[in-house]
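Student: Need coordinates for the following:
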Amino acid sequence: MKIKNKFKTLPILIVFLLLSLVGHGQLGAETLNKAPDRVRGEGPWNQLIIRGVTLIDGTLSPPLGPIDIVVEKNRIKSIHLVGDLGSSAYSGEAAALKPGGKELDARGM
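Tutor: Below is the predicted model of the structure:
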C-alpha cells in the first residue's frame, strides 16, 4: 500500500519537469539565430609599443614606472624606464616607433 502512495506524486513530478523544459526552450521548436561574423581585430604590426606601463617584476621590489615596453615579432625587445617628467627616474629616452608600428597608451590602466 505504501508503494501506491509514492506513485501519486509521479504525475505531478512529470508535469513539473515538462514545464521546466518548455520554460528553458529545450522542448520548443525554436531556431537559434546564427552568430554574427567576428572581426579578429587590428594587426599584426611590425612593432608594438605599450606606453606608460607600471612594471611589477615579481621579486618583491617596488613597482617601476612609467615604462615603455617594445614588442617586435611577438617578443619583448626592450624595456625603457621613462619615468615622470621632473622625477629622479626620468631618463627622457622614450622608445621610437617604427613605420608600420602601433602605440598603445596604457597610462591609468
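
Student: contacting residues for residue 69?
Tutor: 49-50, 53, 55, 76, 78-80 (C-beta atoms under 8 Å, 6 or more residues apart in numbering). From N, CA and C alone the C-beta is placed, and that goes for glycine too.

Student: can I get these in JSON lines with pLDDT?
Tutor: Below are the contacts of residue 69 laid out as JSON lines (pLDDT from 0 to 100):
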{"residue": "49", "pLDDT": "93"}
{"residue": "50", "pLDDT": "92"}
{"residue": "53", "pLDDT": "88"}
{"residue": "55", "pLDDT": "85"}
{"residue": "76", "pLDDT": "92"}
{"residue": "78", "pLDDT": "87"}
{"residue": "79", "pLDDT": "86"}
{"residue": "80", "pLDDT": "84"}
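
Student: Show me which pair in these is furthest apart.
Tutor: 49 and 55 (14.3 Å; C-beta to C-beta).

Student: More neighbours: these two, which one.
Tutor: Set residue 49 next to residue 55 and count neighbours by other C-beta atoms under 10 Å: residue 49 wins out with 24 against 13.

Student: partner residues bridging the more buried one?
Tutor: Under the criterion DSSP bridges, residue 49 forms beta bridges with residue 70, residue 103.

Student: Against residue 67, how distant is it?
Tutor: Here the criterion is C-beta to C-beta, to the nearest Å. By it, residue 49 lies 11 Å from residue 67.

Student: Look up the closest residue to residue 93, ignoring the ones flanking it.
Tutor: residue 80 (5.8 Å; C-beta to C-beta, 6 or more residues apart in numbering).

Student: Wait, residue 102 touches residue 50, no?
Tutor: No. Between residue 102 and residue 50 there is no contact under C-beta atoms under 8 Å: 9.6 Å.
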